[in-house]
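Engineer: pasting a predicted model and its sequence here:
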Amino acid sequence: MIAENLNKVRDNIDAAKGHRDPDKQEDVLLVAVTKNHDIQAMREAIDAGITDIGENRIQEAKEKFETLDRQVTWHLIGHLQTNKAKQAVKIFDLIHSIDSLHLAEAVNNAASGINKIQKILVQVNLAQEESKFGIYEDDLKSLLYKVDEMSNLELMGLMCIAPNYDDVEECRPLFAKMYEIFKKVKEMDLKKSNIIYLSMGMTHDYQIAVEEGANIVRVGTGIFGPRQY
């Protein structure tokens, strides 16, 4: 079932890429979100071609990281508390959820402690939802310049989570605006950042996200089926 679902998701991504503007034609990285899915399901997805795994919680990721026995790229897509920064930098290749100067400093210090350059994305709360994490657009530029100066962080781009609208088409203006912000960030005079990723879109809205310019999508239920709580 997982392999079949994965093929459907890939076909949907390819179809969505065909509907976007020519300036957005680039590869889309599929991150399989494995929160609340077991090691066997993860292995099945990896054996079907998944190379990138997304986890929401440090403790769950740590247990899987120690037992998975497959070579993958690890993405932290959930909120990161500053007191978990040391654990996060030991596990994750790319942290999507940097949303404050305080957290960026904690991750930078943790990465420095193990001589690692930690790749990160900054999470933007474009809809300004109180229930979601992420920096507001007005504060973004200031944070990006400060992150760019941190010796053990490599800023790779931006992440956002759209509101869970009943009509998924309502996500489209937000994703379109996020892409415009992403383009502006790429033009900033950052010294050492490498702005290449725009992470947006999950199971219910990833096709619209791709159409509007996402080049990382985070899909869990669409690959693994409903989560087992």
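Structural biologist: Yes, it's here.
Engineer: run through the chain and note the low-pLDDT ranges.
Structural biologist: Residues of the chain meeting the criterion pLDDT under 70: 25, 228-229.
Engineer: ranges for the strands of the protein?
Structural biologist: Taking DSSP state E as the criterion, the chain contains strands spanning 29-33, 52-55, 73-76, 94-98, 118-124, 153-160, 197-199, 216-219.
Engineer: what are the buried residues along stretch 47-59?
Structural biologist: 50, 52-56, 58 (16 or more other CB atoms under 10 Å). To be clear about C-beta, it is placed using only N, CA and C from the backbone, and glycine gets the same treatment.
Engineer: quick one on the thing from earlier: the strands of the chain: which one's closest to residue 18?
Structural biologist: Closest of the strands of the chain to residue 18 is strand 216-219, at 15.4 Å (criterion: CB to CB).
Engineer: what comes into contact with that closest one?
Structural biologist: For strand 216-219, contacts defined as CB atoms under 8 Å, 6 or more residues apart in numbering pick out 9, 13, 28-33, 54, 75, 77, 96, 159, 197-203, 206, 209-210.
Engineer: try 7 Å this time
Structural biologist: 9, 13, 28-33, 54, 77, 197-199, 201-203, 206, 209-210 (CB atoms under 7 Å, 6 or more residues apart in numbering).
Engineer: for the buried residues of stretch 47-59, which two are the farthest from each other?
Structural biologist: 50 and 58 (20.9 Å).
Engineer: residue 205 - nearest residue in space that isn't next to it in sequence?
Structural biologist: Once flanking residues are discounted, residue 205 sits nearest to residue 171: 4.7 Å by CB to CB, 6 or more residues apart in numbering.
Engineer: ok, that neighbour touching residue 164?
Structural biologist: No: Residue 171 is not in contact with residue 164 according to CB atoms under 7 Å; the separation is 9.1 Å.
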